[in-house]
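# Quick one, structure for this:
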Amino acid sequence: MNSLSPAISSDDALLEVKDLSIFYDRKPALRNVSLEVKKNEIFGIIGPSGSGKTSFLKAVNRMDELTPGMTTSGQIRFHGYDTSTWRNLYALRKRIGVVFPLPTGLPLSVYENVAFAPRISGVRQKHDLDEIVEKCLRRAALWDEVKDRLSSLGSLLSGGQQQRLTIARALSQDPDLLMLDEFSIAVDPVTTMRIEEVLKELKKEVSIILVTNLVQQAERLADRTAFFLNGEFVEVGRTTDIFDGVTSDARTTDYVEGRFG
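Numbering: from 1, shown residues only. From the prediction side, this is the model:
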């Protein structure tokens, strides 16, 4: 972490976003987002496709630097530190894990998929790697299914298993914040529910941002929820309030009740 003095913030805020706007080739994709993600909570982000949800995750992880034409304005603070001042992007991304919609396993064995990042970080002893791999696979509720085929290619697993392997790989860096973008698109309903149970347990250890088009999933999992619509940050509130109609914008209620989207 950079040796900077953190800003004054609420004690339980892990991520603070203020006046964030995102542009692609100078065209706005998301405007004026101000919110915070607290420690050990699941923070839901809902909204129709094209609302800027994935762009938000990219901005948090500074993927704008890898995306041609993408620029941002505003401020993002993680652990109280302005992320734009982090000189070591690897160090930042190690602490902010991302799981994208489709499983994207490395062309390696199950074991090496999880051990890859720790090896890059300098872990060399086999017993240390073994411990990390087992711990992460257990945290992703996958260990019992793959413990006897750790040397098999991760790509040979089922879709749901590959998605959980992707989660295990993200956890192998021991992040403080885990961001999931539509994790259930490529998996069946039974596996979706299993991963949801995993996330409820993980919340005890990490904060989670859950981007989902499934409003019922946000209702089941999220402590608080933000609503994005057509590149606009509409509002954020307690999930129970959002789904009970206690909102500041009628469009939020219309969306969660299925009147559009």
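
# Just give the nearest non-adjacent residue to residue 179, would you?
Spatial nearest neighbour of residue 179, excluding adjacent residues (Cβ to Cβ, 6 or more residues apart in numbering): residue 209 at 4.4 Å. Glycine gets a C-beta too; all of them are placed from N, C-alpha and C.

# just for the stretch 1-150 of the chain, where's the confidence low?
Low-confidence regions of the stretch 1-150 of the chain, defined by pLDDT under 70, span residues 1-11, 102-105.

# coming back round to it: Provide the partner residues of the residue nearest to residue 179 in its beta bridges.
In this entry, residue 209 is beta-bridged to residue 43, residue 179, by DSSP bridges.

# So for it, what's the pLDDT?
Residue 209 is assigned a pLDDT of 98 by the prediction.

# Likewise for the one 5 residues further on?
Per-residue pLDDT puts residue 214 at 92.

# What is the burial count for it?
Counted with other Cβ atoms under 10 Å, the neighbours of residue 214 add up to 15.

# Equivalent analysis for the one 3 residues further on, please.
Here the neighbour count serves as a burial measure; for residue 217 (other Cβ under 10 Å) it reads 20.

# where does it land in three-state SS?
Three-state call for residue 217 (DSSP: H, G, I helix; E, B strand; the rest coil): helix.

# Looks like it contacts residue 210 (just checking).
Yes: Residue 217 is in contact with residue 210 according to Cβ atoms under 8 Å; the separation is 7.4 Å.

# Now for those two: what residues contact both?
Here residue 217 and residue 210 have residue 44 as joint contacts, going by Cβ atoms under 8 Å, 6 or more residues apart in numbering.

# ok, now how distant is residue 107 from residue 116?
11 Å (Cβ to Cβ, to the nearest Å).
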